[in-house]
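> Have a look at this fold, sequence not included:
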């Protein structure tokens, strides 16, 4: 099943490669990875999406937690949480009809247009991964997708639960 | 607080963490450090002949003392040559710090001469690593490296030191950190109280308990506690290859090694137990055989300092995270409020059954009149060392024969590469042992294949007058490979023999040592006596043994723990 792991680690050189090392060494797959420093600059927060059964998920938790640079690791799936992903997508619009259709869908999906040329729209959309995929599918129907980039999922627990040092 | 160069800081920090022996090999990137070593007498440097040897020496030193072994090598090939040694230590959880030189920081990433990304190369086989970028960070990095290497589940740590930061021309303020704790690293030592209670009530109800001990019992120096627990429970004890000696092999309750080449009684006892108390062991594939058929009747209590080892291969019913010494102490304390006074009667049937399995005498072998059996050599070795030697071993048939036929009464006496199975480990490891225990008898049991993998260290032995005793079981073949080829590949001996063996006696002599060749049974004991009479010399015993001997018992692949071949013709 799809799992979301959230990791709090030292914002140190090589720390990320150690975590990725655990995944490649032990044969776990990474579907997406989202990483950046937290409000405390000495720490980095990672969100990893993977497919794993219970046994593998337990090992991922333990093996990642074992790394010296890792302070905390938790699985977000299974308890209340919010998750968001951001996608930038650029489409080529050859006709006025296409341009209107793209614009209409931007409104429906609550996306945002970031850049416009006579032939292209570049948009941003935030939401769950499914929503982003649905938007990309619609764009593929009404225009030609030139390129797109997704950040990978980023997540937090709901309520007062938190990953703190 | 003193001003000193980065190189001097390295040496000063080693002194401050209590390093006495440093196994290494100089080269361009570490010349400054070597210059700093030259100026002092606290840290003794041992010049090896190959960096792999240095890592195994540090490893042998660590295994036989419990202290962290230290290695110093140059960048590039010097560093990569240690990787097998680092991986060996990693797999067996041995505390080790490897200081590797690196090209100057401004050249990193430019494919400079003798540059390799040592932190990257070693990442999968280290507990942690540091690339130190400023000289002032050297003391802290070294202090933390030793703290990490020898706390929690021990392991190797690499400290990569670029040449510019150890430059002897620039001086910096040296300050050794008083506090090395890290917010991201807090090993759990004490077991959870609730789990201890569950453990004790499960042990109390057990009718067929067994203690399954591993290397964690040795790492935690828990021998006395484990013995006390075993005796209070009157439970049989089996040990992994890595745990041998943690519980005395000559103790009445000891059933031998378990697993692939475990004894009949050890594997039978495991398979039929209703409660397995695993202490610092990790249920690896050389123990469990087919995990789906593993010990179907047992409640499994798994005590390990590494949570990731628990329920990795075999699901634990009662997981207990903690070090073996702390947890056993807690178990013993909790047992005081339960009734364990009548374990003798409670386990009468169980012991009757076990003694029946024992009576099969699975380690019997037919010696015959002339050709020496490898088992006989180990028995002779045991006799001539009064069972009190430090026995290092290489990897293969001789390793299993040593594990099965040399009973270890004390911990840290059996030094072998269990997890990685590194041929070439034995001789340098025995040298590390000898450095740590100059007065003790340090033996290496090896074979004609393994000994040639680090034979260059015979030269180091001469330089430092190490009276290591090499017991080489020469069967003119790679015995364990040959055994599998006999059993599985219809006797097709693909590349498992060598067409041109050296004359090992002359080779030993060429390196300045004593060589003794033994061909027949009647020569064996006399030769052993001569060997151990040479107190101050290294002796290389080249002993011709039966080429066709197999190691038994041996578990049958895909079977349960107790599905075993007991000889070429018998099976369970």
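Thanks, I have the structure now. Worth saying up front: this structure is predicted, and the values here are computed from it rather than measured.

> ranges for the strands of chain A?
Under the criterion DSSP state E, chain A contains strands at A:2-10, A:32-37, A:43-51, A:70-75, A:81-92, A:112-116, A:120-127, A:144-150, A:154-157.

> Which one, of these, ends up nearest to residue B:543?
Closest approach to residue B:543 among the strands of chain A (CB to CB): strand A:70-75, 50.2 Å. To be clear about C-beta, it is placed using only N, CA and C from the backbone, and glycine gets the same treatment.

> Give me the distance between the two termini of stretch A:145-160.
41 Å (CA to CA, to the nearest Å).

> what's the answer for stretch B:41-52, then?
Stretch B:41-52 has an end-to-end distance of 25 Å (CA to CA).

> Show me the domain layout of the chain.
Just so you know, I chose chain A. A:2-79, A:82-150 (automatic domain parsing).

> The intended chain is chain B.
B:2-174, B:193-358, B:374-551.

> Let's have those domains in CSV, adding mean neighbour count.
Formatted as CSV, the domains of chain B follow (neighbours: other CB atoms under 10 Å in any protein chain shown):
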stretch, mean neighbour count
domain B:2-174, 22
domain B:193-358, 21
domain B:374-551, 21
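
> returning to that earlier point: just say which of the domains of chain A is most tucked in.
For the domains of chain A, average neighbour numbers computed from mean count of other CB atoms under 10 Å in any protein chain shown are highest in domain A:2-79, which has a mean of 17.

> Show me what the closest residue to residue A:68 other than its chain neighbours is bridged to.
Computed as CB to CB, 6 or more residues apart in numbering or on different chains, the closest residue to residue A:68 that is not its neighbour in sequence is residue B:128, at 4.2 Å. As for beta bridges, residue B:128 partners with residue B:157 under DSSP bridges.

> hang on, residue B:128 packs against residue A:66?
No: Residue B:128 lies out of contact with residue A:66 (CB atoms under 8 Å); the separation is 10.2 Å.

> How about the contacts made by the residue nearest to residue A:68?
Counting by CB atoms under 8 Å, 6 or more residues apart in numbering or on different chains, residue B:128 touches A:68-69, B:145, B:148, B:155, B:157.

> Grab the nearest non-local neighbour of the residue of chain B found nearest chain A.
Nearest residue of chain B to chain A (CB to the nearest CB) works out as residue B:308 at 3.8 Å. Nearest residue to residue B:308 in three dimensions, chain neighbours excluded: residue A:62, at 3.8 Å (CB to CB, 6+ apart).

> Please tell me how far that neighbour sits from residue A:56.
11 Å (CB to CB, to the nearest Å).

> and the residue sitting nearest the centre point of chain B, how far is that from residue B:241?
Centroid-nearest residue in chain B: residue B:416, 4.1 Å away (criterion: CA atoms, centre = their mean). As judged by CB to CB, residue B:416 and residue B:241 stand 7 Å apart.

> what do these two both touch?
residue B:403.

> which parts of chain B sit against chain A?
Residues of chain B lying near chain A by CB under 8 Å from any CB of the partner chain: B:119-120, B:123-124, B:127-129, B:131, B:148, B:182-185, B:306-308, B:311-312.

> if we go to 10 Å?
Counting by CB under 10 Å from any CB of the partner chain, chain B comes close to chain A at B:119-120, B:123-131, B:133, B:144, B:148, B:152-153, B:157, B:182-187, B:306-313, B:315, B:321.

> Show the contacting residues for the residue in chain A that chain B sits nearest to.
Residue of chain A nearest chain B, by CB to the nearest CB: residue A:62 (3.8 Å). Applying CB atoms under 10 Å, 6 or more residues apart in numbering or on different chains, we find residue A:62 in contact with A:22, A:73, B:306-312, B:321.

> now swap in residue A:153 and tell me
Each residue near residue A:153 by CB under 10 Å, 6+ apart is listed here: A:2, A:4, A:31-34, A:47-49, A:76, A:83-86, A:128-129, A:132.

> Can you list the residue ranges for strands in the stretch 201-350 of chain B?
Counting by DSSP state E, counting those that start in this stretch, the segments of the stretch 201-350 of chain B that form strands are B:209-213, B:237-239, B:254-257, B:275-279, B:299-304, B:318-321.

> ok, now the stretch 451-572 of chain B?
With DSSP E, counting those that start in this stretch, the ranges of strands along the stretch 451-572 of chain B come out as B:469-474, B:514-518, B:539-544, B:554-555, B:564-565.

> Give me the longest helix you can find in chain B.
What stands out as the longest helix in chain B, according to DSSP state H, is helix B:51-65.

> Might you report the residue contacts of residue A:71?
When contacts are counted by CB under 10 Å, 6+ apart, residue A:71 touches A:7-10, A:43-44, A:65, A:163-165, B:182-186.

> same question, residue B:181
B:144, B:147, B:151.

> do residue B:538 as well
B:427, B:430-431, B:434, B:442, B:458, B:461-462, B:465-470, B:508, B:511-515.

> rerun at 7 Å
Counting by CB atoms under 7 Å, 6 or more residues apart in numbering or on different chains, residue B:538 makes contact with B:461, B:466-468, B:513-514.

> likewise residue B:483?
Counting by CB under 7 Å, 6+ apart, residue B:483 makes contact with B:397, B:550-551.

> same deal with residue B:496?
Residue B:496 sits in contact with B:477-478, B:481-482, B:485, where contact means CB under 7 Å, 6+ apart.

> Close to chain B: what parts of chain A are there?
A:10, A:13-14, A:17-18, A:21, A:25, A:58-59, A:62-63, A:66, A:68-71, A:165 (CB under 7 Å from any CB of the partner chain).

> again, 10 Å this time
Counting by CB under 10 Å from any CB, the residues of chain A lying close to chain B are A:8-10, A:12-15, A:17-18, A:20-22, A:24-26, A:42-43, A:55, A:58-72, A:165.

> from the residues you listed, which ones fall inside helices?
Filtering these for helices - DSSP H - leaves A:15, A:17-18, A:20-22, A:24-25, A:55, A:58-66.

> Give me the nearest residue to residue B:72, chain neighbours excluded.
Residue B:72 sits nearest to residue B:24 (CB to CB, 6+ apart), 3.5 Å away.

> Over to residue B:554?
The nearest residue in space to residue B:554 (CB to CB, 6+ apart) is residue B:565, at 4.9 Å.

> Distance to residue B:570 and mean pLDDT for the domains of chain B - can I get that in JSON lines?
Formatted as JSON lines, the domains of chain B follow (distance: least, CB to CB, whole Å; pLDDT from 0 to 100):
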{"stretch": "domain B:2-174", "distance to residue B:570": "33", "mean pLDDT": "97"}
{"stretch": "domain B:193-358", "distance to residue B:570": "10", "mean pLDDT": "97"}
{"stretch": "domain B:374-551", "distance to residue B:570": "12", "mean pLDDT": "97"}
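
> Nearest to residue A:97, out of those?
Nearest to residue A:97 among those is domain B:2-174; the distance by CB to CB comes to 51.5 Å.
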